[in-house]
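> take a look and give me a structure for this.
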Amino acid sequence: MNTLARTRNGKTAIIGMGRTGIAVAAFLRDRTMACEGFDEHAVHVPDSLDIPVHIGKLDADILKQYARVVVSPGLNWHHPVLRELREAGIPVIGDLDLFNEAFQGELIAITGTNGKTTTVSLIGTLLDILPSGIEVAGNIGRPMLDLFGDGESPARVVLELSSFQLERAQIIHPRWAALLNVQPDHADMHENPQAYEAAKCRLFEAQQEGDTAMLPADGRWHALAERLATRGVRVHRFGHGTAETLCAGIQPLENGHWQIFWRHGDQVEYIPATELPARGMHQHMNLTVAAQAAADFGVSPSVIRLCLTSFNGLSHRLQSLGVVARREWFDDSKATNPDAAMAALDAFDQVIWICGGLTKGADLTPLKDIVAAHVAHALIIGKDSKPFAELCQQAGVPTTIAGNIEQAVRQAAHAQPGLPVLLSPAAASQDQFRDYAERGKAFAHAIRTLEKAA
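Got it, this is the predicted structure:
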């Protein structure tokens, strides 16, 4: 008996009553399943839900009285209460399990440390021209269970999936799935790097003959590619190289530039990087994955080309905010880890770099060479300023402890004339902001204030 049917005669406990928890409650209510909410912090729940919500420290003995527990992605899967519930045999799941049981259509799923939202957004745009269109949901911001609000299952969905969503799901079966990358991140939410990688790879566990998996080209993923191929899965590899060895990726050119490519059947399609408004090689790699997905689903090369050459990037992802104080300003607030910041810095010759925040124990050492090569002056914000100051000292880069975004912007306006300013923090934002988006908005506001004062 499936989970949905088994719990019709018992209540479901929902832990975490944010956006995901509210979507879970609405989904269960629409199916006449009783549920109650739990959250360790005060929350506002829409009156229309009309369910009890319990605020305070989680109690395993109380939660054991429920038929099952649905956990929002923001709660650590290894929370002592969740461990105790699982050891007691209580089904503990995430919203992805509920989605999987209710969804009857064609599923595309994307995971990775960086680049998920850009790739998923582009796939959504490209495949929306197909019959029945496509819905976009998951970690991108729209809870996946909201897709069933009218009682119907959508025909086609692309999901952005985080490691948190994947680690607590039983199994999903995407027809087309891509792993963009796995880089050190979320050390505070996983037992170790191996557990983080394993959570990402769960995306492919149910794939079989007729399905497609897209994996990075580096050797780290050869074994996974071989396992999938033996099951009859069509495996695409993407990365830096040529169409002779890769399905899609970035091909270097002799003049120091590059072009992106993907396959449309037996034909290889190319677009020079100079024709792509989105900046940065890392963003261009995301474009190749989206292009390959669209090609595999039958979108014409001309439509793919038009979409990619008109895509300016998403908010807070190496987004140009224009020219103020005779220099261009770039918001890359989404760069919450060193790897993301490295990719952004590599898109410039020289920049004024605004960095800092909560490192969450991340090793900044890999940034040293790229900071030395591309940063003219670093302005450090946020709580964990010491490791950034030490990094810049080792890289031989002049450094100022700015403290906050407003101070950093004011000081950047008087730094080396003409150089662009890049907010690419390489750290989380929760020391000073609710999330990376609020940090990016504060950056934009400080720039507008600077412009008005000029």
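
> from residue 104, how far off is the residue nearest to residue 79 when sequence neighbours are not counted?
In space, residue 79 comes closest to residue 58 once its chain neighbours are excluded; the distance is 7.3 Å by C-beta to C-beta, 6 or more residues apart in numbering. C-beta: built from backbone N, CA, C; applies to glycine. Residue 58 sits 34 Å away from residue 104, taking C-beta to C-beta, to the nearest Å as the criterion.

> ok, those two, which is more surrounded?
More crowded of residue 58 and residue 104, by other C-beta atoms under 10 Å: residue 58, with 20 against 10.

> that one touches residue 81, doesn't it?
Yes: taking C-beta atoms under 8 Å as the definition, residue 58 is a contact partner of residue 81 at 4.3 Å.

> residues contacting residue 329?
Contacts for residue 329 (C-beta atoms under 8 Å, 6 or more residues apart in numbering) come out as 320-323, 420-421, 423, 443, 447.

> which of the residues you listed sits closest to residue 409?
Closest approach between the contacts of residue 329 and residue 409, by C-beta to C-beta: residue 447, at 5.9 Å.

> wait, doesn't the closest one sit right on residue 321?
Yes: using C-beta under 8 Å, residue 447 is in contact with residue 321, at 5.8 Å.

> more neighbours: which of those two?
Just comparing residue 447 and residue 321: by other C-beta under 10 Å the higher neighbour count belongs to residue 447, 22 against 16.

> so the more buried one belongs to a helix, correct?
Yes: the assignment for residue 447 is a helix, going by DSSP: H, G, I helix; E, B strand; the rest coil.

> report pLDDT for it.
For residue 447, the pLDDT comes out at 96.

> look up how far residue 350 lies from it.
19 Å.

> distance check, the residue nearest to residue 155 when sequence neighbours are not counted against residue 304.
In space, and not counting its chain neighbours, residue 155 is closest to residue 132: 3.7 Å by C-beta to C-beta, 6+ apart. According to C-beta to C-beta, residue 132 stands 19 Å off from residue 304.

> and these two? Which one has more around it.
Per other C-beta under 10 Å, whichever of residue 132 and residue 304 has more neighbours is residue 304, with 23 against 12.

> what comes up buried for the host helix or strand of the more buried one?
Per DSSP states H and E: residue 304 is located in helix 301-308. By 16 or more other C-beta atoms under 10 Å, the buried positions in helix 301-308 come out as 304, 307-308.

> do the same with stretch 238-247
By neighbour count with 16+ other C-beta under 10 Å, stretch 238-247 contains the buried residues 238-239, 241, 243, 246-247.

> ok, the residue nearest to residue 79 - contacts?
Contact partners of residue 58, counting by C-beta under 8 Å, 6+ apart, are 15, 38, 40, 79, 81.

> mind running it again at 10 Å?
13, 15, 38-40, 69, 75, 79-82, 84-85 (C-beta atoms under 10 Å, 6 or more residues apart in numbering).
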